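>>> model the following, please.
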Amino acid sequence: MAAEAGVGGDAETELALAQLAGELAVADQTLRGAAAYPLVLALTVLGCGSIVVTVGLPALTLLPGGHAAPTWPVAAALGGAVVLLVLLAAAVAQRLPVPGLALGRQRLDGFALVSATRTLVAGGAELPRALRASAGWCTNPVVAEQLARALEAGGSTGTAAPLLSPFETALLLSGAREGVAGPTLHALADARSLALPRDLHRAVARVELTGLVLAGAALAVLGGAWMWASTSAVAL
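Residues are numbered from 1 along each chain as shown. Just a heads-up that it's a prediction; the model follows:
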């Protein structure tokens, strides 16, 4: 990516970028696995719900004293849960900007931006140009352009950078003004590298917990309908 932009074409820089690409691929696979989890739950809810609504509940009406169960409300609840689980998976994949659920992808993008910029600056590129060349490493390239423009304008610490914390943004701009952008980027990238496994673990746990709550609520509705219908059938 960087070489195509005309930045960082020497062998050492290209090797460092290749190693970074490998790290990002492993982390991205972790997030993809988290996105698949709600889809598995959605298929489970859909399969169980379909069997109970279309076969189980109607069969109970054949018993003595059996009543027709309210299948439409149950089907609506199950359908809503399935839709929410699919939306959850899409949010994890950063296809929907749902606050909080896309945190893992944002953390990964921030790590990619800082690490790629550090590598290019170490290879001799100027910081604004390195930032622009690193934009292709994350899903929100606008952030890199904002930081590059701020640097070219004198490095205002009020610049908004969603992929970086306010402290990181201020530190990077301050380091650029003081002529120590390289060491600053090294420190930021090392801190991001240490925090990334923890951030990904928290993001995956948040997704799994949200998915389990949605699936559990749907199955609870399904179980309640079954208990009501079966109790009515055997009460007489």
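>>> relative to Ser115, how far out is Gly211?
Using C-beta to C-beta, to the nearest Å, one gets 30 Å for the distance from Gly211 to Ser115. C-beta: built from backbone N, CA, C; applies to glycine.
>>> so the two - more neighbours on which side?
Ser115 (26 against 23; other C-beta atoms under 10 Å).
>>> and the more buried one, which helix or strand is it part of?
Taking DSSP states H and E as the definition, Ser115 sits inside helix 103-122.
>>> for that helix, output the C-alpha coordinates as PDB.
Output in PDB follows, covering the C-alpha atoms of helix 103-122 (Å, rounded to 0.1, in the frame of the first residue of the first chain):
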ATOM      1  CA  LEU A 103     -14.800  -0.800  19.200                       C
ATOM      2  CA  GLY A 104     -12.600  -3.700  18.300                       C
ATOM      3  CA  ARG A 105     -12.300  -2.600  14.700                       C
ATOM      4  CA  GLN A 106     -11.600   1.000  15.700                       C
ATOM      5  CA  ARG A 107      -8.800  -0.200  18.100                       C
ATOM      6  CA  LEU A 108      -7.300  -2.300  15.300                       C
ATOM      7  CA  ASP A 109      -7.500   0.600  12.800                       C
ATOM      8  CA  GLY A 110      -5.800   2.900  15.300                       C
ATOM      9  CA  PHE A 111      -3.000   0.400  15.800                       C
ATOM     10  CA  ALA A 112      -2.600   0.000  12.000                       C
ATOM     11  CA  LEU A 113      -2.500   3.700  11.400                       C
ATOM     12  CA  VAL A 114       0.100   4.500  14.100                       C
ATOM     13  CA  SER A 115       2.300   1.400  13.300                       C
ATOM     14  CA  ALA A 116       2.300   2.000   9.500                       C
ATOM     15  CA  THR A 117       3.100   5.700  10.000                       C
ATOM     16  CA  ARG A 118       5.900   4.800  12.400                       C
ATOM     17  CA  THR A 119       7.400   2.400   9.900                       C
ATOM     18  CA  LEU A 120       7.300   5.000   7.000                       C
ATOM     19  CA  VAL A 121       8.700   7.800   9.100                       C
ATOM     20  CA  ALA A 122      11.600   5.500  10.200                       C
END
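>>> any low-confidence regions in the protein?
1-9, 62-70, 94-101, 154-162, 232-236 (pLDDT under 70).
>>> could you identify the longest helix within it?
helix 181-235 (DSSP state H).
>>> and the angle for that one with helix 103-122?
Here helix 181-235 runs at an angle of 170 degrees relative to helix 103-122 (axes from the mean of the first three to the mean of the last three C-alpha atoms, to 10 degrees).
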